[in-house]
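> Provided below for reference: sequence and predicted model.
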Amino acid sequence: MSVLYLLDTNTISYAASGRSMTALRRITEQPVGSILISCTSLAESRYGLRRKPGATRLERATEALFAEAVLLPWTVSTADVYADLRAATEQAGRSLSPLDMLIAAHALEAGAVLVSSDTAFRYVPGLTVEDWTAA
């Protein structure tokens, strides 16, 4: 089985906008079914697009990326992983923003590598993070 990669919202944005051709290349090189997107990142990305109603090229590129990925819905199991993760990180004094915590929980539940340029994720216990936005 191939490695699963869950794209954080910032990676989606970098790839779809063309600001990181490296990220776009890495995404397209992965086997079918190995790129995952949390419904949280889907919501964040669509919110960002709603704030830019004239950005039709960006919207098409973003939606094309969504169409090729496996979209992960929220489940009861995801909620349990989130609850455990949030309690553990708060106890350790290293909490994330609420949406980042939801994305991290999805990556952990899926057993996926989180692809993000956000260094805050590196403090999440058990989470593997890669940054594909660098040249």
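Thanks, I have it. Nothing here was measured: the structure is a model prediction, and the numbers come from that model. Residues are numbered from 1 along each chain as shown.
> Show me the contact partners of stretch 97-113.
For stretch 97-113, the external contacting residues (C-beta atoms under 8 Å, 6 or more residues apart in numbering) are 3-6, 8-9, 36, 38, 40-41, 44, 72, 74-75, 77-78, 81-82, 85-86, 89, 95-96, 114, 118, 120-121, 124, 126-130. The C-beta positions use only the backbone N, C-alpha and C, and glycine is treated the same way.
> are any of those residues buried, and which?
The neighbour count (16 or more other C-beta atoms under 10 Å) marks 4-6, 8-9, 36, 38, 40-41, 44, 72, 78, 81-82, 85-86, 89, 95-96, 114, 118, 121, 124, 127-129 as buried among the contacts of stretch 97-113.
> Point out where this structure drops to low pLDDT.
Across the chain, residues meeting the criterion (pLDDT under 70) sit at 1, 135.
> Helices along that one, start to end?
9-17, 21-29, 39-50, 56-68, 76-91, 98-110 (DSSP state H).
> I'd like to know which of the ones you listed lies nearest to residue 134.
In terms of C-beta to C-beta, the element of the helices of the chain nearest to residue 134 is helix 21-29, at 6.5 Å.
> now the angle from the closest one to helix 9-17?
Put simply, helix 21-29 runs at 90 degrees to helix 9-17, going by axes from the mean of the first three to the mean of the last three C-alpha atoms, to 10 degrees.
> Please shift the residue numbers so they start at 11 in all later answers.
With 11 as the first residue, the last one maps to helix 31-39.
> Pull out the buried positions in helix 31-39.
33, 34, 36, 37.
> got it, and stretch 71-89?
Going by neighbour count (16+ other C-beta under 10 Å), the buried part of stretch 71-89 is 71, 72, 75, 76, 79, 82, 88.
> My read is that residue 128 contacts residue 20, right?
Yes - the criterion here is C-beta atoms under 8 Å, and residue 128 meets it with residue 20 at 6.0 Å.
> Show the contacting residues for the closest residue to residue 24 other than its chain neighbours.
Nearest non-adjacent residue to residue 24, counting by C-beta to C-beta, 6 or more residues apart in numbering: residue 30, 3.8 Å away. For residue 30, the contacting residues are 21, 24, 142, 143, 144, by C-beta under 8 Å, 6+ apart.
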